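J.: heads up, no residue letters with this:
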């Protein structure tokens with residue numbers, strides 16, 4: 001049986017994995033969902049929220065060999081954490097997630113030509129010192145949850161937290177050759193307003209993956225394609241042959 005460590009994205013928390021976890025545990029796997037500093041129920045002060053502190057939080061969960069899963073911004077965090085503690089990372093899984101190379105930040109990736117049309121960058125508001133990013137409920141519904149039901153949106157959107165900007169702007173400092181030896185899998189979302197499909201495909205081209213699964217989903221597949229995302233994560237535990245097609249069309253499923 002596998003051990004999964006699940007890492008959320010910006011504005012989120014471990015709560016985003018709640019719809020997916022039961023299927024993983026029902027298959028006999030162990031699951032640890034992490035609240036990054038400032039995310040979910042964590043109350044770390046904004047001045048202490050950095051890429052390093054986020055990666056350190058993930059490393060604390062890597063107490064034994066694990067499949068390390070990152071969603072969205074979580075892809076940057078797991079990249080740094082895997083370079084810091086490679087001995088306990090069996091596989092890296094990126095769920096519509098950023099895959100930076102050494103010296104590259106999340107913000108660098110969003111500025112690539114394939115990122116044009118990103119509705120988070122179009123709607124985000126940054127202020128304060130240290131800077132904090134805010135995404136309105138209306139913008140979140142458009143950018144992240146547009147394929148979710150009203151009930152799913154009502155569950156997820158109020159749980160979101162403002163996001164410290166430091167993890168966006170800080171480049172990863174990683175050993176690319178070491179990371180290339182860790183198998184990677186990617187869940188690509190085909191109707192994503194937050195992380196364009198073209199940019200996801202560029203990430204995959206630059207960082208070849210053992211498995212690629214495409215979901216007909218928005219940027220919140222844990223809600224709009226819950227069963228299909230769980231199926232993908234379960235399939236990665238067996239490291240099957242590369243999948244070039246989509247899983248079955250997503251069924252609507254309530255969050256919580």
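T.: Good, I have the coordinates. The shown structure was predicted, so the numbers you read here are calculated from the model rather than taken from an experiment.

J.: what about residue 50, how many neighbours?
T.: If you count neighbours by other C-beta atoms under 10 Å, residue 50 ends up with 16. For glycine as for every other residue, the C-beta is placed from the backbone atoms N, C-alpha and C.

J.: Ignore what I typed, I meant residue 233.
T.: If we define neighbours as other C-beta under 10 Å, then residue 233 has 27 of them.

J.: Then residue 171?
T.: Residue 171: 17 neighbours (other C-beta under 10 Å).

J.: cool, and residue 87?
T.: Residue 87: 7 neighbours (other C-beta under 10 Å).

J.: same question, the one 3 residues further on
T.: Counted by other C-beta under 10 Å, the residues lying close to residue 90 total 16.

J.: Which strands and helices lie in contact with the helix or strand it falls within?
T.: Per DSSP states H and E: residue 90 is located in strand 89-95. Using 3 or more C-beta pairs under 8 Å, 6 or more residues apart in numbering; DSSP states H and E as the contact criterion, the elements in contact with strand 89-95 are strand 66-71, helix 74-84, strand 184-189, helix 226-237.

J.: On the C-terminal side of that strand, identify the next helix or strand.
T.: Sequence order places helix 106-110 as the next helix or strand after strand 89-95, per DSSP H and E.

J.: got a list of contacts for that following helix?
T.: Helix 106-110 is contacted by residues 73, 76, 98, 100, 115, 118, 121, 167-169, 171, 199, 203 when judged by C-beta atoms under 8 Å, 6 or more residues apart in numbering.

J.: Next: stretch 39-52.
T.: Under the contact criterion C-beta under 8 Å, 6+ apart, stretch 39-52 has outside partners 8, 11-15, 35-38, 53, 76-77, 80, 128, 130, 132, 159, 161, 164, 166-167, 170, 172.

J.: Of those, which belong to strands?
T.: Those of the contacts of stretch 39-52 mapping onto strands are 132, 164, per DSSP state E.

J.: Could I get the pLDDT score of residue 238?
T.: Residue 238 is assigned a predicted lDDT (pLDDT) of 77.

J.: And the helices in the stretch 101-250 of the chain, which stretches?
T.: Under the criterion DSSP state H, counting those that start in this stretch, the stretch 101-250 of the chain carries helices at the ranges 106-110, 119-123, 137-143, 150-156, 166-169, 176-180, 197-206, 221-224, 226-237.

J.: Of these, which is nearest residue 31?
T.: helix 226-237 (9.5 Å; C-beta to C-beta).

J.: now the helices and strands packed on strand 89-95 as CSV including distance to residue 210?
T.: Converted to CSV, the helices and strands packed on strand 89-95 look like this (distance: least, C-beta to C-beta, whole Å):
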stretch, distance to residue 210
strand 66-71, 12
helix 74-84, 15
strand 184-189, 6
helix 226-237, 8
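
J.: where in this protein is pLDDT low?
T.: Residues of the chain that meet the criterion pLDDT under 70 lie in 239-256.

J.: which residue is nearest the middle of it?
T.: With distances taken as C-alpha atoms, centre = their mean, residue 71 lies nearest the centre of the chain, 0.7 Å away.

J.: residue contacts, it?
T.: If you count contacts by C-beta under 8 Å, 6+ apart, residue 71 has them with 6-9, 12, 16, 95-97, 222.

J.: go on, residue 115?
T.: Here residue 115 is in contact with 109, 121, 195-196, 198-199 (C-beta under 8 Å, 6+ apart).

J.: Equivalent analysis for residue 121, please.
T.: With C-beta under 8 Å, 6+ apart, residue 121 has these contacts: 110, 115.
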